[in-house]
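*Asks:* Sequence first, then the predicted structure:
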Amino acid sequence: MTSLAWCTTCYSNADAFSTAGFFHMALALGRLGIDAEPFVRTDMECGDACNAIMEDVAAREAERGSRFTHVLWMDDDVIVKPDDLGRWLDMVDAEHRAVYSLAFFRTDPYRPSIWLFQDDAREQAGKRIAFHLYYPKNELIPIACAGLCAALFDRTVFDEIPKPYFRWVEGGYMVKACTPDAFLCGQLNTAGIQLWCHTGLETKHVGMPLLVDEATAIGCRERWGDGQ
Amino acid sequence: MRIAICTSLFDGMDASLLADYERLGIGLGHRQDWKFLAYQIPRLRSASGLNAAIHMTRTDQTLNDAGEKFDRILWLDHRTMLTPADAVRLLESVDEWHPAVFAFNRDPDTRNVGVWEWTGDKPFGRLKEWELNALVRVSSAGLYAAAFDASVFDALRTPWFLWVDRDSVWPDTGKEAFVCTHFHRQGIPVYAHSGVWATRLGRRVAA
C-alpha cells in the first residue's frame, strides 16, 4: 500500500495561492485513499529545515512501526495539480526512483528549473551543469539536477545517500553556489541514482509581485530585446 | 453529501498551521461518501473573502450545469486549527433543526470564550456556563469554524457578512454577529457545539 510522507519547509507564512493548492492536494490524497502524513518545519534555514523534516519522518516511521513508501517534497510556494498525483505515483518504480515535476524559476527570465550535465555524461559527476531549456514535452527525461519545487522519491533513496541530505554550499558541487536542493541532487548523482523529470507534470510556482519601473523595463529589454 | 469548504486566506497561512491544515484536508478527503470542493479566497479582508467564497458556492458553473447544489458549507478561518474528526462532528450536527452550528473557541490572548448568548433582549452576553458536548443555542459565536446548511444563505440578503455597526443589534459588530443578526431576523436558530473546539492562533509577542 502506498504511504507517503509529504514534506514542506515553510519559513513563516505560506502564500495564499499555494495554501489553497496544498488544501486541494490534501483532499486529493485523502480521496485516493493514500496513507499520507504531512511534515512541515518552520522558522529554520531551508537546508536545516529539510534535514530536520527527514529526521521527523524517520522518527514517525519508528513510532508507526512501518516505513513510508514515498517521500513527496513540495515547496511552500508551489501549486501541483492534484489530478497528476495518481500517475506521478505510478511513475516512481525501481528504475525511476526520483521523479521531479517541471517547474520554472519564479523570477525573470523564468527558466525551467532543470539542468543537464554539460556533456550529458552523468558518470562524470563534478562537471558543470547547464539549464535544460529545450526539453521535450510531456516526457519522462533523465536530468542532472532540479530545483526541489515538487519531487516524488522512493523512500529508500534516502538510505543510499549520506547525511546531511541538504546543505548550502558556497562554491560547491556542479555550480558556483550550491543550494540545498542542488546539494541533494549532487548526493543522488554521486550515489548513482538517476534523477528524472516528467515534463508533463507541471508545477506552478507562485511568482514575485513585481514593481515595474524604468530600470526593470530597461533591464528586461537588455536581456530579451525590444521585440521589434 | 456535497460540502463546500470555504476559507478566506487573506495573505496566506501561518507556517505553524500548515501541517494541521493539510491533515484536515487528508482526513476529510478520506470520507469517500462525501464530496468536497474547496473555495479559498486570497487577498481579500475576512468579510469580503467570506462573501466571495459563499458567492462562488452558489455560482460554480460546473455544479450548476450538472444541476447540483451544495448541502453543507464548512467555514474555516485561516488562523484556526480543527481536527478532521471535529470537522466531521460539526458537519454531522447540522440538520433542519440546527442549520447553523459554530465551533466553540477561546480568544488566544484573553482565554475568554468566544460564544455569546441572549441576556434579556440583548444578544451580547458572553456565555459563562454550558452543557458539555452538546449543541447549545446561542446568539452568536466567533466565526473560526462553523458548518451551515447551504440553504440558510437563500433566506438572507447580501452581503451575508459585513464588519460594521450599521444594521445590527450588536453595538460594534463583527462579521459573525452581523450574519447572526440576519439569521435571528429570519428565524434561523444559531447553535454552538460545545464538543467541538476550534483552536485559534494567537499573536506572536515580543516581550
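*Replies:* Arrived safely, thanks for sending. Numbering: from 1, shown residues only, chains lettered A, B, ... in the order given.

*Asks:* From here on, just use CA atoms for contacts and neighbour counts.
*Replies:* Noted.

*Asks:* can you map out the strands along chain A?
*Replies:* Secondary structure of chain A by DSSP state E: the strands cover A:3-10, A:13-14, A:35-42, A:70-74, A:78-80, A:98-102, A:114-117, A:129-131, A:140-143, A:145-146, A:150-154, A:169-170, A:177-178, A:195-205.

*Asks:* Switch those over to a markdown table; also include distance to chain B, mean pLDDT and mean neighbour count.
*Replies:* Listed next are these as a markdown table, based on distance: least, Cα to the nearest Cα, whole Å; pLDDT from 0 to 100; neighbours: other Cα atoms under 10 Å in any protein chain shown:
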| stretch | distance to chain B | mean pLDDT | mean neighbour count |
| --- | --- | --- | --- |
| strand A:3-10 | 6 | 96 | 24 |
| strand A:13-14 | 4 | 90 | 22 |
| strand A:35-42 | 6 | 96 | 22 |
| strand A:70-74 | 12 | 97 | 22 |
| strand A:78-80 | 13 | 95 | 23 |
| strand A:98-102 | 20 | 97 | 27 |
| strand A:114-117 | 27 | 90 | 22 |
| strand A:129-131 | 31 | 84 | 18 |
| strand A:140-143 | 28 | 96 | 19 |
| strand A:145-146 | 24 | 93 | 28 |
| strand A:150-154 | 16 | 98 | 24 |
| strand A:169-170 | 26 | 74 | 13 |
| strand A:177-178 | 25 | 66 | 16 |
| strand A:195-205 | 15 | 95 | 21 |
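
*Asks:* Just the mean pLDDT for stretch A:159-168, thanks.
*Replies:* Per-residue pLDDT values across stretch A:159-168 average out to 93.

*Asks:* Report the buried residues of that stretch.
*Replies:* A:Ile161, A:Pro164, A:Tyr165, A:Phe166, A:Arg167, A:Trp168 (16 or more other Cα atoms under 10 Å in any protein chain shown).

*Asks:* What residues does chain B have near chain A?
*Replies:* Residues of chain B lying near chain A by Cα under 8 Å from any Cα of the partner chain: B:9-16, B:18-19, B:21-32, B:36, B:38, B:40-43.

*Asks:* ok, 7 Å please
*Replies:* B:9-16, B:19, B:22-23, B:25-30, B:32, B:38, B:40, B:42 (Cα under 7 Å from any Cα of the partner chain).

*Asks:* Just the buried subset of the residues you listed, please.
*Replies:* By neighbour count, with 16+ other Cα under 10 Å, those hold B:9-16, B:19, B:22-23, B:25-30, B:38, B:40, B:42 as buried.

*Asks:* Let's see which of these end up in strands.
*Replies:* Per DSSP E, the subset of these in strands is B:Leu9, B:Phe10, B:Met13, B:Asp14, B:Ala38, B:Gln40, B:Pro42.

*Asks:* Helices of chain B, start to end?
*Replies:* B:15-29, B:46-59, B:61-65, B:84-92, B:175-185 (DSSP state H).

*Asks:* packing partners for the last one?
*Replies:* By that I understand helix B:175-185. Here helix B:175-185 touches strand B:140-141, going by 3 or more Cα pairs under 7 Å, 6 or more residues apart in numbering or on different chains; DSSP states H and E.

*Asks:* rerun that using 10 Å as the cut-off
*Replies:* helix B:46-59, strand B:122-126, strand B:140-141, strand B:190-200 (3 or more Cα pairs under 10 Å, 6 or more residues apart in numbering or on different chains; DSSP states H and E).

*Asks:* what's near enough to touch residue 47?
*Replies:* With no chain named, the answer covers chain A. A:Thr9, A:Ile53, A:Pro164, A:Tyr165, A:Phe166, A:Arg167, A:Trp168, A:Thr179, A:Pro180, A:Asp181, A:Phe183, A:Leu184 (Cα atoms under 10 Å, 6 or more residues apart in numbering or on different chains).

*Asks:* nope, chain B please
*Replies:* Counting by Cα under 10 Å, 6+ apart, B:Ala47 has contacts B:Ser8, B:Ala53, B:Pro159, B:Trp160, B:Phe161, B:Leu162, B:Trp163, B:Gly174, B:Lys175, B:Glu176.

*Asks:* cool, and A:Thr216?
*Replies:* Counting by Cα under 10 Å, 6+ apart, A:Thr216 touches A:Leu210, A:Glu222.

*Asks:* number of nearby residues for B:Asn64?
*Replies:* Neighbourhood size, B:Asn64 [other Cα atoms under 10 Å in any protein chain shown]: 12.

*Asks:* Number of residues surrounding the closest residue to A:Thr199 other than its chain neighbours?
*Replies:* Leaving aside its sequence neighbours, A:Thr199 sits nearest to A:Asn138 (Cα to Cα, 6 or more residues apart in numbering or on different chains; 4.7 Å). For A:Asn138, the number of neighbouring residues by other Cα under 10 Å comes to 13.

*Asks:* B:Leu63 too?
*Replies:* B:Leu63: 13 neighbours (other Cα under 10 Å).

*Asks:* And it, what's its pLDDT?
*Replies:* 82.

*Asks:* In contact with it, which residues?
*Replies:* With Cα under 10 Å, 6+ apart, B:Leu63 has these contacts: B:Thr57, B:Lys69, B:Phe70.

*Asks:* confidence score at the residue most central in space within chain B?
*Replies:* Central residue of chain B (Cα atoms, centre = their mean): B:Ala146, 3.0 Å from the mean position. Per-residue pLDDT puts B:Ala146 at 97.

*Asks:* Is the nearest residue to it once chain neighbours are set aside bridged to anything, and to what?
*Replies:* Counting by Cα to Cα, 6+ apart, B:Phe102 is the residue found nearest to B:Ala146 once chain neighbours are left out, at 4.1 Å. Counting by DSSP bridges, B:Phe102 forms beta bridges with B:Ala146, B:Ala192.

*Asks:* Taking the ones in strands among the buried ones among the residues of chain B next to chain A, tell me the two that lie furthest apart.
*Replies:* Using Cα to Cα, these span at most 18.8 Å, a distance reached by B:Asp14 and B:Ala38.

*Asks:* Point out where chain B drops to low pLDDT.
*Replies:* Applying pLDDT under 70 to chain B picks out residues B:164-173, B:204-207.

*Asks:* Contacts only, for residue 110.
*Replies:* I'll assume chain A. A:Ala103, A:Phe104, A:His205, A:Gly207.

*Asks:* try chain B instead
*Replies:* B:Gly202 are the contacts of B:Thr110 under Cα under 10 Å, 6+ apart.

*Asks:* Next one: it from B:Arg126, what distance?
*Replies:* Per Cα to Cα, to the nearest Å, B:Thr110 is found 13 Å from B:Arg126.
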